[in-house]
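> I would like the atomic coordinates for the input below:
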Amino acid sequence: MVSEKVIRPIAEDESITTDVAIVGGGLAGSLAAAVLARAGHQVVLIDKRAVYPEEFRVEKIAGRQVDILCRLGFIRELETVACAYDRVINIREGRVVDVSAGQTYGLPYADLVAMARRLMSMHSGFIVDQVTAVSCSDDVQHLRLASGKRVTARLVVLATGMAGALGHSLGITRRILAERHSVSFGFTIARPDNSPFGFEALTCYGERAADGVDYLSLFPVRAGMRANLFMFRDPTDPIMRELRRETKSTLLRLMPGLQSYLGDFNVIGPVQNWVMDLSAAEGHLQPGVVLIGDAFQTNCPAAGTGVSRLLVDVERLCTEYVPRWLETDGMGKEKISQFYSDPGKIAADQHSLRMAHFRRALTSSSDIRWNVRRRMHFLRRNITHRVDRIRPGWIARVRSVLRA
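Sure thing, here's the model as predicted:
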């Protein structure tokens, strides 16, 4: 793992000139800084927090996300800070639907960001400060910080999440696609005697459309068994308060099939929750500045596509476009548009929105078509699971033939 000591602090009175200035030191910004700096580009990362706080955000890395981190060369660092597991029991109404297999990592978001920041090399600098103004052009970009520092860069990357003040000053706005689309809860559970649960990881799906419960995901982190609950329900509904105050009893009322798998347990530590709007940036095609991650488009946490989108943005921007852009003069719209037109990025963005609407409809729609589709969805998964138990690998081989 790269030591934190290699991140060069910036002196208070220093005027900084760099290739790329990245605003926002969450996962997207920190990973982008690490990828570009490792490739030898001069990078400055700017964030108002020296240590990222314990926020309820991304807590699992799986599937395609693991593949991208492997390609970026960061998987070893992830393995040193996360809890790895490769088997998830999926249940509904107290019965097994199927079992998922695949390498997955559980860890708090703050630890994930800290890992990304440690990957920054000697070619990067980290400024603990706040950007108060930015002016962009076809050639050089200028940033003014709250401390009085000034940063000059060829390219500015906005990785500011849903905070839109800086983008707004450039004429970038946000269009709400679905207000209050979903609600997520995060908390940790443990047995009274701290004995282990009888599973490595478990997902329990909601039982009734009226409850608006998509699923509860239970998985290991270093602090214990982490729980992520995803719902499609009005955030002002009284049940939200019940979930915060009487988490255990409310959870078992909504998902009674959990009891036989969990036995006696307690909720330990705080119960955090997050309300997510689906939104996308508009007016973002600007000279000298590019948006990545949630700054460009938000995602439904239940769909599990947010980190995938973020990593696609980082990989395509930082390995394909920025190195090529820096080889020639200028940073006009014609260059910036290449990233927004990237087929891989567009596909990831569109897939994320499709999955957001699909998960909501599959979970909570009372329309007869969705009721039938919901039953068929879980029935098909269960039949596939039963066939695969009888003839292991047969389903995978059939799918491989159909894709050929």
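> Look up which helix or strand Ala84 falls in, please.
Element membership of Ala84 [criterion: DSSP states H and E] is strand 83-92.
> Report the angle between whichever helix or strand comes after that strand and strand 83-92.
Going down the chain from strand 83-92, the next helix or strand is strand 95-106, by DSSP H and E. Angle, strand 95-106 to strand 83-92, by axes from the mean of the first three to the mean of the last three C-alpha atoms, to 10 degrees: 160 degrees.
> so what secondary structure elements neighbour the strand holding Ala84?
Applying 3 or more C-beta pairs under 8 Å, 6 or more residues apart in numbering; DSSP states H and E, one finds that strand 83-92 contacts strand 95-106, strand 202-205, strand 213-221. Any C-beta I mention is one placed from the backbone N, CA and C, and that applies to glycine too.
> To Ala159, which of the ones you listed lies closest?
Ala159 lies closest to strand 95-106 among those, at 21.6 Å (C-beta to C-beta).
> List the neighbouring strands of the closest one plus their orientation.
In the sheet, strand 95-106 lines up against strand 60-62 (antiparallel), strand 83-92 (antiparallel) (DSSP bridges).
> Would you reformat those strands as JSON lines and include mean pLDDT and distance to Arg117?
As requested, these are exported to JSON lines (pLDDT from 0 to 100; distance: least, C-beta to C-beta, whole Å):
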{"stretch": "strand 60-62", "mean pLDDT": "96", "distance to Arg117": "16"}
{"stretch": "strand 83-92", "mean pLDDT": "97", "distance to Arg117": "20"}
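> Single out the most deeply packed of those.
For these, the largest average neighbour count (mean count of other C-beta atoms under 10 Å) is found in strand 60-62, namely a mean of 21.
> Show residues contacting it.
The contact list for strand 60-62 (C-beta atoms under 8 Å, 6 or more residues apart in numbering) reads 69, 78, 82, 102-107, 112, 217, 219, 228, 304, 307.
> change it to 10 Å
Identification of contacts with strand 60-62 by C-beta atoms under 10 Å, 6 or more residues apart in numbering yields 68-69, 75, 78, 82, 84-86, 88, 100, 102-107, 112, 201, 217, 219, 221, 226, 228, 304, 307-308, 311.
> which stretches of the chain form helices?
Here the chain has its helices, by DSSP state H, at 27-38, 64-72, 75-81, 109-118, 165-169, 238-245, 247-254, 259-262, 306-316, 322-325, 333-340, 343-364, 368-390, 394-403.
> Low-confidence stretches in the stretch 51-200 of the chain?
122-123 (pLDDT under 70).
> quick revisit: turn the helices of the chain into JSON lines, including distance to Asn273.
As requested, those are exported to JSON lines (distance: least, C-beta to C-beta, whole Å):
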{"stretch": "helix 27-38", "distance to Asn273": "20"}
{"stretch": "helix 64-72", "distance to Asn273": "23"}
{"stretch": "helix 75-81", "distance to Asn273": "25"}
{"stretch": "helix 109-118", "distance to Asn273": "14"}
{"stretch": "helix 165-169", "distance to Asn273": "24"}
{"stretch": "helix 238-245", "distance to Asn273": "7"}
{"stretch": "helix 247-254", "distance to Asn273": "10"}
{"stretch": "helix 259-262", "distance to Asn273": "20"}
{"stretch": "helix 306-316", "distance to Asn273": "16"}
{"stretch": "helix 322-325", "distance to Asn273": "36"}
{"stretch": "helix 333-340", "distance to Asn273": "32"}
{"stretch": "helix 343-364", "distance to Asn273": "17"}
{"stretch": "helix 368-390", "distance to Asn273": "25"}
{"stretch": "helix 394-403", "distance to Asn273": "37"}
